[in-house]
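Visitor: model this:
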Amino acid sequence: MIAFFRRWFANAWVQLSICVLLSTAAEIFIKLGATETADPTSAWSWTGLTGLNSRWVWWGIVASIVALFNWLATIRKLPLTIAFPVGNAVHILVPLCSWIFLGEAILTRRWLGIALVLIGLMIVAKPAARLEEKM
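Guide: Prediction:
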């Protein structure tokens, strides 16, 4: 069982997926913490340091650090010319998660931008799949 998980987590695509999901979660957590600790009357609010009083911000920091290590594991195994564009799936997931979990509005122009990013990811992913077959 442990060998299965070790082999599964050693897969660069799994590492990249984890990185994208953790980066998305980090952004949502940090937004929750920033909203929770927003205090325009505080002398330090302009620095963002007041956000450190939120557990959400700390969860976001932890998720960012773990995502960084996953990113390092990913680019060790995948060409950066593939990993970086595919990693930009964050630009699709963050707005969608903001809409779903935070109730933020997504205007028509933003939906069009998300669709363009998705099309770009599909264009990049197809050659990546061919490269994976050759490896």
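
Visitor: Next one: the spatially most central residue of the chain from residue 70, what distance?
Guide: Central residue of the chain (Cα atoms, centre = their mean): residue 23, 2.7 Å from the mean position. Look at residue 23 and residue 70: by Cβ to Cβ, to the nearest Å, they are 9 Å apart. The way it works is simple: take the backbone N, C-alpha and C, and place the C-beta from them, glycine included.

Visitor: Could you do residue 14 as well?
Guide: Applying Cβ to Cβ, the value for residue 14 to residue 70 is 9 Å.

Visitor: Show me which of the two is the more surrounded one.
Guide: Neighbour tally, residue 14 and residue 70, criterion other Cβ atoms under 10 Å: the higher count belongs to residue 70, 21 against 15.

Visitor: List the contacts of that one.
Guide: Residue 70 sits next to 15, 16, 18, 19, 22 when contact means Cβ atoms under 8 Å, 6 or more residues apart in numbering.

Visitor: Over to residue 91?
Guide: Per Cβ under 8 Å, 6+ apart, neighbours of residue 91: 114, 117.

Visitor: Please identify the helix or strand for it.
Guide: In the assignment (DSSP states H and E), residue 91 maps to helix 90-102.

Visitor: still on that earlier bit, my guess is the residue nearest to the centre of the chain meets residue 90, correct?
Guide: Yes. The criterion here is Cβ atoms under 8 Å, and residue 23 meets it with residue 90 at 5.0 Å.

Visitor: list the buried ones in the following helix or strand past the helix holding residue 91?
Guide: As assigned by DSSP H and E, the chain's next helix or strand after helix 90-102 is helix 108-134. By 16 or more other Cβ atoms under 10 Å, the buried positions in helix 108-134 come out as 114, 117, 121, 124, 128.
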